[in-house]
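Trainee: One predicted model, sequence on top.
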Amino acid sequence: MYENTTEEILQAQRKEEGAMEKLLQKNSGLIWSIVKRFCGRGYELEELYQIGVIGFLKAIQRFDATFEVKLSTYAVPYMIGEIKRFLRDDGPIKVSRNIKELAVKMKEVQKEYLEKTGEEITIQKLAELLKIPREEIAVALEYTKPLESLYEYAYEDENVYKIEKISEGLDEATQIVNKLTLKQLIENLEIQEKEIVLLRYFKGKTQCQVAKIIGISQVQVSRLEKKILKKMKTKLVC
């Protein structure tokens with residue numbers, strides 16, 4: 001599994017160009033591993049992946065470099081939480097037998113550790129004692145939590161609902177997801193098609209200017225542009 005450096009996380013938090021996209025790309029395997037746990041719920045996995053990405057972005061934004069935990073472990077509850085909220089209207093979320101069994105073992109170990117040391121056990125220690133990756137422990141902890149309603153009062157303010165406390169970073173998250181989707185669509189184009197899109201929509205060139213650069217007529221550019229946009233739109237809705 002990819003290990004995220006503190007500097008990479010800080011760069012993303014500072015919103016340095018390309019930093020957030022880089023973290024998302026390098027952690028896509030982790031996000032997919034969470035998304036696949038919700039397979040068979042009647043939703044396309046790609047759709048759930050986008051929701052998982054939102055959770056991952058929230059985790060990055062709220063991550064503190066002083067935490068004694070890896071970003072991958074810290075992000076798991078955020079991703080599961082986002083997907084669980086998305087599926088809330090689809091009925092109760094079923095927990096697999098393996099997760100239930102792991103949760104029982106974890107409770108036993110937590111209880112024994114508390115009785116022996118008088119302290120709450122950490123995810124790291126649980127992982128060591130049970131010989132299970134930290135991410136799996138985080139998944140089990142999050143799965144066994146009861147679902148909370150967004151229309152319950154926030155703990156710190158009984159006059160404000162939890163839904164009002166949700167981060168306003170969703171627009172930013174959506175923009176990043178859209179950028180990644182667009183990037184993937186462009187990468188799948190033919191060389192000439194890619195060049196036309198980049199010149200027209202990223203360099204701001206006119207069709208006449210594009211025609212001169214790549215050595216074809218303006219009419220051909222116009223026809224190709226329409227064909228390319230239709231092709232991209234078709235792939236986007238598939």
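Mentor: Great, that's in hand. Note that the coordinates shown come from a computational prediction; the quantities given were computed from them, not determined experimentally.
Trainee: Relative to Leu71, how far out is Lys15?
Mentor: 17 Å (C-beta to C-beta, to the nearest Å). (Glycine included, C-beta is placed from N, CA and C.)
Trainee: Looking only at neighbour counts, state which of the two leads.
Mentor: Leu71 (24 against 10; other C-beta atoms under 10 Å).
Trainee: Not counting sequence-adjacent ones, nearest residue to the more buried one?
Mentor: Excluding its sequence neighbours, the residue lying closest to Leu71 (C-beta to C-beta, 6 or more residues apart in numbering) is Asn4, at 4.5 Å.
Trainee: give me the element the residue nearest the centre of the chain is part of.
Mentor: Closest to where the C-alpha atoms of the chain average out (C-alpha atoms, centre = their mean) is Val53, at 1.4 Å. Using DSSP states H and E, the element containing Val53 is helix 45-62.
Trainee: and that helix, what does it pack onto?
Mentor: For helix 45-62, the packing partners by 3 or more C-beta pairs under 8 Å, 6 or more residues apart in numbering; DSSP states H and E come out as helix 6-13, helix 19-26, helix 28-35, helix 71-87, helix 170-187.
Trainee: isn't Glu120 right next to Leu114, touching?
Mentor: Yes. Between Glu120 and Leu114 there is a contact under C-beta atoms under 8 Å: 6.5 Å.
Trainee: Neighbour count: those two, which is higher?
Mentor: Ranked by neighbour count (other C-beta under 10 Å), Glu120 and Leu114 place Leu114 first, with 12 against 9.
Trainee: can you give me the offset of the helix or strand containing the more buried one from its chain's centre?
Mentor: Assigned by DSSP H and E, Leu114 belongs to helix 97-117. Centroid separation for helix 97-117 versus its chain: 29 Å, with C-alpha atoms, centre = their mean, to the nearest Å.
Trainee: On the C-terminal side of that helix, identify the next helix or strand.
Mentor: Scanning forward in sequence from helix 97-117 by DSSP H and E, the next helix or strand is helix 123-130.
Trainee: Could you look up the next helix or strand downstream of that following helix?
Mentor: Once the chain leaves helix 123-130, the next helix or strand it forms, by DSSP H and E, is helix 134-143.
Trainee: What residues of that next one count as buried?
Mentor: Arg134, Glu135, Glu136, Ile137, Ala138, Val139, Ala140, Leu141, Glu142, Tyr143 (16 or more other C-beta atoms under 10 Å).
Trainee: before we move on, what about stretch 119-126?
Mentor: So, applying 16+ other C-beta under 10 Å, buried residues of stretch 119-126: Ile121, Ile123, Lys125, Leu126.
Trainee: Run through who's touching that stretch.
Mentor: Identification of contacts with stretch 119-126 by C-beta atoms under 8 Å, 6 or more residues apart in numbering yields 68-69, 73, 106, 109-110, 113-114, 129, 132, 134, 137-138, 141.
Trainee: Most widely separated two among those?
Mentor: Pairwise distances across the contacts of stretch 119-126 peak at 20.9 Å for Thr73 and Leu114 (criterion: C-beta to C-beta).
Trainee: For this protein, give me the ranges with low pLDDT.
Mentor: Where the chain drops to pLDDT under 70, the residues are 1-3, 67-68, 88-97, 142-181, 236-238.
Trainee: Which residue ranges make up the domains of it?
Mentor: 1-94+148-168, 97-147, 188-237 (automatic domain parsing).
Trainee: Just say helix, strand or coil for Glu195.
Mentor: Here Glu195 is recorded as helix under DSSP: H, G, I helix; E, B strand; the rest coil.
Trainee: ok, it to Gly81 distance?
Mentor: Using C-beta to C-beta, one gets 42 Å for the distance from Glu195 to Gly81.
Trainee: got a list of contacts for stretch 210-219?
Mentor: Under C-beta under 8 Å, 6+ apart, the answer for stretch 210-219 is Gln192, Glu195, Ile196, Leu199, Arg200, Lys205, Gln207, Cys208, Gln220, Val221, Leu224.
Trainee: Done for today, thanks.
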